[in-house]
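1. Pasting a predicted model and its sequence here:
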Amino acid sequence: MEQESKSLPTKDNFSEWYNELLMMAQIMDVRYPIKGVYVWYPFGFQIRKKVYNMLRDLMDVDHQETYFPMLIPKPELLKESEHIKGFEDEVYWVTHGGLTELEIPLALRPTSETAIYPMFKLWIRSHADLPLKVYQIVNTFRYETKHTRPLIRLREITSFKEAHTAHTTWEDAEKQVFEAMGVYSEFFTKLAVPFIVNKRPEWDKFPGADYTMAFDTMMPDGKSLQIGTVHHLGTRFAKTYEITYEDASGEQKLINQTCYGISERCIAAVIGIHGDNKGLVLPPNTTPTQIVIIPIVFKKEEETVKEVCRKAGSLLNDSGIKTVIDDADERPGAKYYKWEMKGVPFRIEIGPRDIKNNSVMLVRRDGKKESISMDGLSETVRNKLMDYQSELLETARVSMLSRIKECATIDEAKEHVESGWVKLYWCGEESCGHALEDAINCKLLGTPHGMTGAGTCPVCGKPTDKIIIMARSY
Ligand SMILES: Nc1ncnc2c1ncn2[C@@H]1O[C@H](COS(=O)(=O)NC(=O)[C@@H](N)CS)[C@@H](O)[C@H]1O
Ligand SMILES: [Zn+2]
């Protein structure tokens, strides 16, 4: 798949840079003829596979993977009034089977509560069946009316990991909420993506939930991206779908539930946060190619150099370091450009001088260059990869935190929200919350988990310990 050789815009024009990079690095092809629906290039799909294998490994510790139908009968979807209020203008409908009009229109799942919970009713009988923890990684459909964007806001969400759990008590479900937050923290840390967990305000929680904990990260343009959410559903869906279990004393009790979701936005975060003006910068955990070996050949010693490159390549691959050798008949500079665009963490240059010194030249994606010995090559390279992985996370975390500013007045907040996140105090009154959103023209992301302070609400002046984060958001 040849790309016309366009040049990548600089990253300070984030939106242009992001869109162009997805095409030039062959992540997602945006030319599919339906708005908000995109095609994974094979290279992008390899990254998705690495990322979602990490997510599966984390979920498989104590969840069972499963699969529920994409089609949901209209009466089931409409059952939960709160839930449907949140989704009715986003649902795609199937109305025909061939030429036959369907008696009951079928929804394409926007998320799967209304497909799964009628089955939970059949599966759950007694407390011995609880806790039940299932998840699926599927496509879901939402007729998004806001600006669609590949990996960020799709109408077909191609990589929707949704977990759904059932518990005996509200407290047990709350314990699951915190466990899910732990799994998400571990996952985003493996992606070198920093985040703040914000408890969403009442008016912005998941439709039908008791409360929503959201994982927000900061994109380079200062906007927040919600990269994951954990919802405590209480007994609302259990009441609607009459899902009860027989407790130890033989009484019928409503189950308590949670659900939590992650989509391909996690990949948008990796690309957006770490990329630079040369292209992708992929953390070692997320890339199909961790090392590319480039032979520096001069006519007379071509064979020797290629032999040493092959040896180094198999050494690294045998020790689990994903390595390719680029021995195409092309000048090294063109190769550097190509692999930097693909975000490969390190390249190894091997030429006659390196062979004489029994060393190789290790060049990190950010340009850091050092000659390392061939002896113990795998060990050295593995450590360099791990150092790089943690440096990428640390740099991104420091950058994000440095752009969150505590503001004392609305004017100060209005000024700062153009380039970062605003930290303010809030009395907790919905009217004050909306007044702040209107005055600063951004979203109230919520109260950061575990953070309190002492201040006054800028709208009503009431003293409060409730801190909030506000930001322009995707
Ligand atoms: N249109 C979209 N495109 C890409 N990702 C999306 C889109 N809509 C939501 N997401 C992502 O999917 C996550 C889960 O979606 S959600 O509505 O918050 N929660 C649920 O659907 C619950 N059933 C948990 S699985 C969100 O946190 C967000 O990161
Ligand atoms: Zn107030």
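-> Arrived safely. Residues are numbered from 1 along each chain as shown. Ligands and ions are numbered 1, 2, ... in the order given.

2. Where is the longest helix in the chain?
-> The longest helix of the chain (DSSP state H) is helix 377-402.

3. in its sheet, what does the following helix or strand past that helix sit against?
-> Going down the chain from helix 377-402, the next helix or strand is strand 404-406, by DSSP states H and E. Strand 404-406 has its sheet partners listed here by DSSP bridges as strand 421-425 (parallel).

4. any idea of the angle the partner strand forms with helix 377-402?
-> Orientation of strand 421-425 against helix 377-402 (axes from the mean of the first three to the mean of the last three CA atoms, to 10 degrees) gives an angle of 50 degrees.

5. can I get the CA coordinates of strand 421-425 in CSV?
-> Taking C-alpha atoms only, strand 421-425 is exported to CSV below (Å, rounded to 0.1, in the frame of the first residue of the first chain):
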residue,chain,number,x,y,z
TRP,A,421,-6.7,21.7,32.6
VAL,A,422,-8.1,23.9,35.3
LYS,A,423,-8.3,22.9,39.0
LEU,A,424,-11.0,24.7,40.9
TYR,A,425,-13.2,24.3,44.0
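
6. how far away is whichever residue of the stretch 351-474 of the chain sits closest to ligand 1 from Y32?
-> Residue of the stretch 351-474 of the chain nearest ligand 1, by CB to the nearest ligand atom: Y474 (9.2 Å). Quick note: C-beta positions are derived from backbone N, CA and C, even for glycine. Going from Y474 to Y32 by CB to CB, to the nearest Å gives 21 Å.

7. Out of those two, name the residue with the larger neighbour count.
-> Y474 (19 against 13; other CB atoms under 10 Å).

8. Closest residue of the protein to ligand 1?
-> G261 (2.7 Å).

9. Just give the closest residue to that residue, not the sequence neighbours.
-> Counting by CB to CB, 6 or more residues apart in numbering, E162 is the residue found nearest to G261 once chain neighbours are left out, at 4.7 Å.

10. quick one: the strand or helix carrying that neighbour to chain centroid distance?
-> E162 is located in strand 156-167, with elements delineated by DSSP H and E. Its chain's C-alpha centre and that of strand 156-167 lie 13 Å apart, by CA atoms, centre = their mean, to the nearest Å.

11. Could you do stretch 32-51 as well?
-> 14 Å.

12. circling back: residues touching the residue of the stretch 351-474 of the chain closest to ligand 1, list them.
-> Taking CB atoms under 8 Å, 6 or more residues apart in numbering, we find Y474 in contact with R149, I152, R153, M219, K223, S224, L225, Q226.

13. ok, and the closest non-adjacent residue to it?
-> With CB to CB, 6+ apart, the residue lying closest to Y474 is L225, at 4.8 Å.

14. Let me see the domain layout of this protein.
-> What the record gives for the chain is the domain set 14-274, 291-387, 404-471, from automatic domain parsing.
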